[in-house]
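> The following block contains a protein sequence and its predicted model.
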Amino acid sequence: MFKAVATAALVAVGTLTGASMSLAETWKPNGPITLKISFRAGGGTDTQARLIASELAKRHGWEIIPQNVAGKGGAVMARDLVDDPADGLTIGMTVTEALTYSPHATRGAGYALEDFDLLTTTAGTQMALFAKSSRGWKTLHDVIAAAKPGEDISAGAFSPRVADALYLLSQKSGVDFQTVMVKGGKGSINGVMADDLDIAWGAGPQNKRFCRKLFKWQSIGGIGE
């Protein structure tokens, strides 16, 4: 078993590099497995990781120890994981952005996608911009129309990638969004609900039923977790 990262939106490309499927099926760890989680406790990635750890322990009897290694949208965990031995006793749970965007956008990232074996996809969650339903905005076009006469629009972003997406959106729409960096999807929701932000990026928390009750949002194509 080699060093590996299970991501939230990457298709599995193998569990054992250069090994046969029969070997993969009979592999067993020779000690406790550390599962490094790229975000703080309580979020979607953390919840998935701990549920997976619990189920693997139940099915196989393995001892799996979750460990939160949060920071910089998953980049801190990736840099930490790349230094671990490739013996299968340390794996990671992260999001696509940490492996595909961050190494290219960060000078001296210290790792690349090729450093990891990708195990599986656990969830595919589309990113969306959302706003309080009381604002009366049902689409992103409504937000842009409100900003055109000069209304300042503050927008929450929880990672460099979505902040860059806001920049590109500003370039395309001619609206100068005031980007505010927040801590995770929780920071986005708290900012919008407290009226500190007009709009914000969200991922896992904004399922459709939840949003119909509290938010109106317009999905931005090409942004996914």
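Received the coordinates, thanks. Please read these numbers as outputs of a predicted model, since none were measured by experiment.
> For the residue in the chain sticking out farthest from the centre, give me the backbone phi and psi.
Computed with CA atoms, centre = their mean, the residue of the chain farthest from its C-alpha average is residue 149, at 34.3 Å. Reported as degrees, to the nearest 10, the phi and psi values for residue 149 are phi -70, psi -10.
> Just the pLDDT at it, thanks.
pLDDT for residue 149: 84.
> Also the one 3 residues further on?
pLDDT, the model's per-residue confidence, is 89 for residue 152.
> Now for the closest residue to it other than its chain neighbours, how many residues are close by?
Using CB to CB, 6 or more residues apart in numbering and skipping residues adjacent in sequence, the residue nearest residue 152 is residue 178, 6.1 Å away. Bear in mind the C-beta positions are built from the backbone N, C-alpha and C, glycine included. Residues near residue 178, counting by other CB atoms under 10 Å, number 12.
> Would you agree residue 178 is in contact with residue 154?
Yes: with contact defined as CB atoms under 8 Å, residue 178 and residue 154 form a contacting pair (4.5 Å).
> And the residue most central in space within the chain, how close does it get to residue 78?
Closest residue to the average C-alpha location of the chain: residue 95 at 4.0 Å, with CA atoms, centre = their mean. In this view, residue 95 and residue 78 are 10 Å apart by CB to CB, to the nearest Å.
> repeat for residue 112
9 Å.
> For those two, indicate the residue with more neighbours.
residue 78 (27 against 12).
> can you list contacts of the helix or strand that contains the more buried one?
Per DSSP states H and E: residue 78 is located in helix 75-82. For helix 75-82, contacts defined as CB atoms under 8 Å, 6 or more residues apart in numbering pick out 3, 5, 36-38, 69-71, 90-92, 94, 98-99, 102-103, 106, 109-111, 115-116.
> For stretch 153-166, give me every contacting residue.
Residues outside stretch 153-166 that contact it (CB under 8 Å, 6+ apart): 73, 97, 101-102, 105-106, 127, 129, 143, 146-147, 175, 177-185, 187-188, 191-192, 196-201, 220, 223.
> circling back to that earlier point, would you confirm that the residue nearest to the centre of the chain contacts residue 49?
No: Residue 95 lies out of contact with residue 49 (CB under 8 Å); the separation is 11.4 Å.
> what's the burial count for residue 115?
Using other CB under 10 Å, residue 115 has 17 neighbouring residues.
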